[in-house]
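J.: Turn this into a structure:
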Amino acid sequence: MKKILFIYGTRPEAIKMAPLVKEFQKNPNIFKVVVCLTGQHRQMLDQINEFFSIKGDYDLNLMKPNQTLFDIVSGCLLGLKDCLEKEKPDLVFVQGDTSTVLAGALASYFLKLPLAHLEAGLRSGNKYSPFPEEGNRILTGHIADWHFAPTERAVKNLHSEGITKNIYNVGNTAIDALHLGLNLIKKNDECVYKNFFNFLDFSKRIILVTGHRRESFGVGFEHICKAYSTYCRSSF
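T.: Prediction:
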């Protein structure tokens, strides 16, 4: 039996990790799944785990008022040291480009544990934009042993940095999470699922738009709205 340890701590990580965690959990005779939450986000993280019925085996509960990058990364490293040394996983998964990801990658590297990076290879070309995400994903990419990229362009980005082994173009697991969520809603009449979306009128066509929080206000949000307005006029 192989022990797979998932490290995540924010809402987007939880969303994109959920399909993978649930898939591994379907095979308990082959995999022992361990989930370590850092709590970089708190309420938003808990909400997603509740929706997908995922419980953390470890919770570092790091979130505190006015936390800095120094607080998050150092707290993660120390907390993950104990978790990783105790569990000794066969493979560690991190997802994306958060401070949790960087700390998870470093902790795995320090303990010489195999590391898989989900959503590998995204690049802006400017290490300060987005900050600190661009630096986090570059550093993690050069530490990871397995690279699961969302697009062909992400694969090429890795190649351009000299990373050529164990790269797989698997698509964006946010789409898998969407389908997983829809199936949960369809299969369950219990309000635990439907309460999340009781503000929607499903008699109408629904368009799902996702974006980084920096794009949810100001010019970035205006550009998204204009793009979808153009798309809707031409498609519906």
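
J.: tell me the domain boundaries of the protein?
T.: Using automatic domain parsing, the domain parsing of the chain gives 2-173, 200-236.

J.: what pairs with the residue nearest to residue 151 when sequence neighbours are not counted across the strands?
T.: Excluding the flanking residues, the one nearest residue 151 by CB to CB, 6 or more residues apart in numbering is residue 169, at 6.9 Å. For the C-beta atoms, the positions are set from N, CA and C on the backbone; glycine is no exception. In this entry, residue 169 is beta-bridged to residue 149, by DSSP bridges.

J.: correct me, but residue 169 touches residue 157?
T.: No - counting by CB atoms under 8 Å, residue 169 does not reach residue 157; the two are 11.6 Å apart.

J.: Mind checking which of those two has more residues around it?
T.: The residue with more neighbours, out of residue 169 and residue 157, is residue 157; 20 against 15, by other CB atoms under 10 Å.

J.: Now do the contacts for the more buried one.
T.: For residue 157, the contacting residues are 121, 122, 123, by CB atoms under 8 Å, 6 or more residues apart in numbering.

J.: Next, it: secondary structure please.
T.: Under DSSP: H, G, I helix; E, B strand; the rest coil, the three-state class of residue 157 is helix.

J.: what's the distance between it and residue 20?
T.: 22 Å (CB to CB, to the nearest Å).

J.: ok, the residue nearest to residue 170 when sequence neighbours are not counted - contacts?
T.: Nearest residue to residue 170 in three dimensions, chain neighbours excluded: residue 148, at 4.8 Å (CB to CB, 6+ apart). The contact partners of residue 148, taken as CB under 8 Å, 6+ apart, are 116, 117, 118, 119, 120, 168, 170.

J.: Next step: those restricted to strands.
T.: 116, 117, 118, 168 (DSSP state E).

J.: out of the residues you listed, which are buried?
T.: The neighbour-count criterion (16 or more other CB atoms under 10 Å) marks 116, 117, 118 among those as buried.

J.: hang on, the first one packs against residue 91?
T.: If I follow you right, that is residue 116. Yes - using CB under 8 Å, residue 116 makes contact with residue 91 at a distance of 5.8 Å.

J.: Need the overlap of contacts for those two.
T.: Common neighbours of residue 116 and residue 91 (CB under 8 Å, 6+ apart) are residue 146.

J.: Report the central residue of this protein.
T.: The geometric centre of the chain, computed from its C-alpha atoms, lies nearest to residue 13 (CA atoms, centre = their mean), at 2.2 Å.

J.: Now do the closest residue to that one other than its chain neighbours against residue 120, distance only.
T.: What sits nearest to residue 13 in space, not counting adjacent residues and going by CB to CB, 6+ apart, is residue 95, at 4.8 Å. The gap separating residue 95 from residue 120 is 9 Å, by CB to CB.

J.: Now do the closest residue to residue 106 other than its chain neighbours: how many residues are near it, please.
T.: Using CB to CB, 6+ apart and skipping residues adjacent in sequence, the residue nearest residue 106 is residue 77, 6.3 Å away. Using other CB under 10 Å, residue 77 is surrounded by 15 other residues.
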